[in-house]
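S.K.: I'll drop the sequence and a predicted model, then ask my questions.
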Amino acid sequence: MGTALVYHEDMTAARLLWDDPECEIECPERLTTALECLQQQGLEQRCLRLAAREASEAELGLVHSPEYVALLRGTQALGTRELQALSKQYDAVYLHPVRALADPPPSHTSGTCACSRPALPCAVPCWLPLQSTFHCARLAAGAALQLVDAVLTGAVRNGLALVRPPGHHSQRATANGFCVFNNVAIAAKHAQQQHGLRRVLIVDWDVHHGQGIQYIFEDDPSVLYFSWHRYEHGHFWPHLRESDADAVGRGRGLGFTVNLPWNQVGMGNADYVAAFLHVLLPLAFEFDPELVLVSAGFDSAIGDPEGQMLATPECFAHLTQLLQMLAGGRVCAVLEGGYHLESLSQSVCMTVRALLGDPALPLSGPMEPQGSALESLQRVRAAQAPHWVSLQQQGAAPVLSPGTPCPEGRPSPLPPGEPEFKAAVTQAADALSVLLEQLHLHPTPPIRVAAALTVPDAGRALPLGVLCEEGSLPREEAQAWARPRETLAQDEALAALGKVLYLLDRILDGQVSSGMAATPAPAAAATLDVAVRYGLSHGAQRLLCVAVGQLDRPPDLTDDGRNLWLNIGGKEATAPSMFHVSVPLPVTTGGFLSCALALVLPLAYSFQPDLVLVALGLAHGLRDPQAALLAALLRGPAGGRVLALVDEESTPQLATVLASVLNGEAPPSLGPFSMATPEDTQALMYLRPRLEPRWKMLQRLLECCDLAA
Ligand code: X5A
Ligand code: ZN
């Protein structure tokens, strides 16, 4: 199952023809540089290339009024000056005429032409590319439709549509913020009407509020719309009261609009990941979408003059990966904004990498959300709590009054020309060159998953593309690592250990990204014990061990900061140290999800491991889809370096599904959502405050605004 890339060169035709500093950033080079970058990194070649088609007027009518569509059609008969006047009637919009060129391009040799372009309001020679905004905007909407069709017919698993003009500001009868037709909203309606979907999630990670999408679906419970946006208490465009966290939808759609306003610039990787873990994902899993549409604007990335945020391109790989945990991985990303050409292109590439299933580069920078971000998260959680069980179960959310002052100082927006602005530009350039360096230093391993299995023939159950690893460490070497324990003295146990250690070597030397190994039941704890020590002495700088079931922490692990032991399925919630955490096995889907999203991943993202061991002891108690989700989620924090250890007696289905998620496939659905039990909730409420001082991604509340205490 592949990844589609939908594009059409005609979408580079429209451009601003008069002087307008606000609009000039929305330029054709946005598409051409992004595409070049995809080609240079060999990513475009790995996608199914689809040429965008134009959306029909009936399809535009799913969202827009007939009068508005007719008006746009009519712009094809207008000249540049008339279009300039018409554009002025909208906020931050420019329109392009059918043809801007007076002469044929030099490359063109006139002669007979076989093309059959339909007639246009004014005669356009066939050699001239169609350039009208109407044409481009119909292609942009059509590209989104084609992507949705490709995914929902099963031709591909996911994809990206590279389009302009963008769409999320456009409304039923108005263009706005460079947007003409609302590409993503049209695609959502189409998915519902043509494919019978009942629940669509729209994630808008563009730095602006997609108020157009919000208005279109605000009373519709079948579309969950999430948007984060630069807001600054309303001082940032489009300056709408309804962009704030307390706008949660209307009527039957109450709770299906989720706004996360950022009140300061400078939000970075930790803030974005925290927003996903603590706001978007709990709601999204409860909603259980059948399709995820992304309003993928990259003006939320570092260097962008509009956003002035600090998230680096890798962050978008992580966000994309997290979204693939939903809807069976059916993710359709559609370009919105993004005006720093280099940052935009690299972020697009990172998104496509993640769609292709490649492991994400580890996130750079301190993983500590800033105070203003926490305040925003808290406000959304409070506003949404009445509508979502998954927010209620994690303890009552205190309501913050709007404008609660947050003492932490952060830079206010930077006017271009100021020295600080230049510093921000340099900062962006640095971050981007570090990224390129990282790409060289940590090239994607040639093998994505290798499995070491002990049962002969078990390899047959492995998904396509997973390598069945035959290699093993010499028996004496493996034995040297074992403690003098009976379990590993047995032949089979030692043979399995040799395979595990061989796999670890291949992961640590960059040949293999992740691995899965089966071990005989009685040796599970001893094998894990050796694997931890072996990993730490063979190049792992920080090793996270997630042990599910009855598995004790190896006796001689110290709290030296290089290992973090997390046991799921312990008798009670305990944290003897910051590096030794135990939580009981959650019993419901809701309990499992909050354990994963509110404890395991925040710990993992804060710890920033370079290797994760996930061990599933015998009778570990997780259902296969839960184990698969856990393993899939843990690929993120460790740059894809995950070794899963399973019991050789566990079902072949478990081995298959683990290998497939480590290979980048979407985990299966957890089944119907059920609320966490009070015990599950209490375990987390006990642990979180104890661990928060060290593991900052656990934080949801600013201390200064902590009204809960
Ligand atoms: C799609 C998008 C931004 C419009 C900004 C107007 N629009 N100041 O990023
Ligand atoms: Zn934007």
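M.R.: Sure thing, it's come through. Ligands and ions are numbered 1, 2, ... in the order given.
S.K.: near ligand 2, which residues of the stretch 201-350 of the chain?
M.R.: The stretch 201-350 of the chain has residues Asp206, His208, Gly297, Asp299, Gly337 near ligand 2, with proximity defined as Cβ under 5 Å from the ion. C-betas here are computed from N, CA, C, even on glycine.
S.K.: ok, the closest residue to Arg198 other than its chain neighbours to Leu497 distance?
M.R.: The shortest distance from Arg198 to any non-neighbouring residue, by Cβ to Cβ, 6 or more residues apart in numbering, is to Ser222 (5.8 Å). Using Cβ to Cβ, to the nearest Å, one obtains 52 Å as the distance from Ser222 to Leu497.
S.K.: And the two? Which one has more around it.
M.R.: Per other Cβ atoms under 10 Å, whichever of Ser222 and Leu497 has more neighbours is Leu497, with 29 against 18.
S.K.: Let me see the confidence value for the closest residue to the more buried one other than its chain neighbours.
M.R.: With Cβ to Cβ, 6+ apart as the measure, Ala478 is the residue that lies nearest to Leu497, at 4.7 Å, once sequence neighbours are left out. According to the prediction, Ala478 has pLDDT 89.
S.K.: Could you check how many residues crowd around Ala478?
M.R.: Summarising burial for Ala478: neighbours were counted as other Cβ under 10 Å, giving 24.
S.K.: ok, the closest residue to ligand 2 within the stretch 201-350 of the chain - contacts?
M.R.: Scanning the stretch 201-350 of the chain for the residue nearest ligand 2 gives Gly337, at 2.8 Å (criterion: Cβ to the ion). Contacts here follow Cβ atoms under 8 Å, 6 or more residues apart in numbering; on that basis Gly337 touches Glu26, Pro166, Phe178, Asp206, Val207, His208, Gly297, Phe298, Asp299, Asp304, Glu306.
S.K.: Need those in JSON lines (columns: distance to Val348).
M.R.: Listed next are those as JSON lines, based on distance: Cβ to Cβ, whole Å:
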{"residue": "Glu26", "distance to Val348": "16"}
{"residue": "Pro166", "distance to Val348": "13"}
{"residue": "Phe178", "distance to Val348": "17"}
{"residue": "Asp206", "distance to Val348": "13"}
{"residue": "Val207", "distance to Val348": "15"}
{"residue": "His208", "distance to Val348": "18"}
{"residue": "Gly297", "distance to Val348": "11"}
{"residue": "Phe298", "distance to Val348": "7"}
{"residue": "Asp299", "distance to Val348": "12"}
{"residue": "Asp304", "distance to Val348": "13"}
{"residue": "Glu306", "distance to Val348": "16"}
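S.K.: Out of the residues you listed, which comes closest to Thr426?
M.R.: Asp304 (14.5 Å; Cβ to Cβ).
S.K.: The closest one and Leu341 touch, don't they?
M.R.: No. Because the distance of 10.1 Å does not satisfy Cβ atoms under 8 Å, Asp304 is recorded as not touching Leu341.
S.K.: Between those two, which has more neighbouring residues?
M.R.: Under the neighbour definition other Cβ under 10 Å, Asp304 and Leu341 were set side by side, and Asp304 has more, 24 against 17.
S.K.: May I have the residues that are in contact with the more buried one?
M.R.: With contacts defined as Cβ under 8 Å, 6+ apart, the neighbours of Asp304 are Val207, Phe298, Gly337, Gly338, Tyr339, His340, Ser343, Leu344.
S.K.: Tell me how far it lies from ligand 1.
M.R.: When distance is defined by Cβ to the nearest ligand atom, to the nearest Å, Asp304 is 9 Å away from ligand 1.
S.K.: cool, and Thr527?
M.R.: In terms of Cβ to the nearest ligand atom, Thr527 sits 52 Å off from ligand 1.
S.K.: try Gln131
M.R.: Gln131 is 20 Å from ligand 1, where distance means Cβ to the nearest ligand atom.
S.K.: That residue: what's its closest spatial neighbour, skipping adjacent residues?
M.R.: Nearest residue to Gln131, sequence neighbours excluded (Cβ to Cβ, 6+ apart): Ala13, at 3.8 Å.
S.K.: Could you list every helix and strand in contact with the strand or helix carrying Val294?
M.R.: Using DSSP states H and E, Val294 maps to strand 291-296. Contact partners of strand 291-296 among helices and strands, from 3 or more Cβ pairs under 8 Å, 6 or more residues apart in numbering; DSSP states H and E: helix 133-152, helix 183-195, strand 200-204, helix 313-323, strand 331-335.
S.K.: quick one: the last one near ligand 1?
M.R.: No. No part of strand 331-335 sits close enough to ligand 1 to count as contact by Cβ under 6 Å from any ligand atom; the gap is at least 9.1 Å.
S.K.: go on, the second one?
M.R.: No. Counting by Cβ under 6 Å from any ligand atom, no contacts exist between helix 183-195 and ligand 1, the nearest distance being 10.5 Å.
S.K.: measure Val348 to Gly640 for me?
M.R.: Distance of Val348 to Gly640, computed by Cβ to Cβ: 20 Å.
S.K.: Please disregard the earlier target; I meant Leu356.
M.R.: Noted for Leu356: a distance of 12 Å to Gly640, by Cβ to Cβ.
S.K.: Write down the beta-bridge partners of the residue lying closest to Val500 once chain neighbours are set aside, one by one.
M.R.: By the measure of Cβ to Cβ, 6+ apart, the closest residue to Val500 outside its immediate chain neighbours is Ala517, 4.7 Å from it. Partner residues in beta bridges with Ala517, using DSSP bridges, are Ala452, Leu645.
S.K.: Determine the longest helix present in this protein.
M.R.: Looking across the chain with DSSP state H, the single longest helix is helix 419-441.
S.K.: got the residues of this structure near ligand 2?
M.R.: Close to ligand 2, as judged by Cβ under 5 Å from the ion, the chain has residues Asp206, His208, Gly297, Asp299, Gly337.
S.K.: thinking the fourth one is in contact with Trp205, fair?
M.R.: No. Using Cβ under 8 Å as the test, Asp299 is too far from Trp205 to be in contact (9.7 Å).
S.K.: For those two, indicate the residue with more neighbours.
M.R.: With neighbours defined as other Cβ under 10 Å, Asp299 and Trp205 compare such that Trp205 has more, 31 against 27.
S.K.: List the residues that contact the more buried one.
M.R.: Trp228, Tyr272, Val294, Ser295, Ala296, Gly297, Ser300, Phe316, Leu319.
S.K.: ok, 7 Å please
M.R.: Trp205 makes contact with Trp228, Val294, Ala296, Gly297, Ser300, Leu319 under the criterion Cβ atoms under 7 Å, 6 or more residues apart in numbering.
S.K.: And for Asp624?
M.R.: Neighbour list for Asp624: Gln653, Leu654, Val657 [criterion: Cβ under 7 Å, 6+ apart].
S.K.: separation between it and Arg533?
M.R.: Asp624 sits 29 Å away from Arg533 when distances are taken as Cβ to Cβ.
S.K.: Then His440?
M.R.: Plainly put, His440 is 31 Å away from Arg533 if you go by Cβ to Cβ.
S.K.: Strands of the stretch 351-500 of the chain, residue ranges please.
M.R.: Counting by DSSP state E, counting those that start in this stretch, one finds strands in the stretch 351-500 of the chain at the ranges 447-452, 467-468.
S.K.: quick revisit: ok, Leu356 and Gly640, which is more surrounded?
M.R.: Neighbour totals were compared for Leu356 and Gly640, and Gly640 leads with 27 against 17 (other Cβ under 10 Å).
S.K.: so the longest helix of the chain versus helix 313-323, what angle?
M.R.: Taking axes from the mean of the first three to the mean of the last three Cα atoms, to 10 degrees, helix 419-441 and helix 313-323 form an angle of 70 degrees between their directions.
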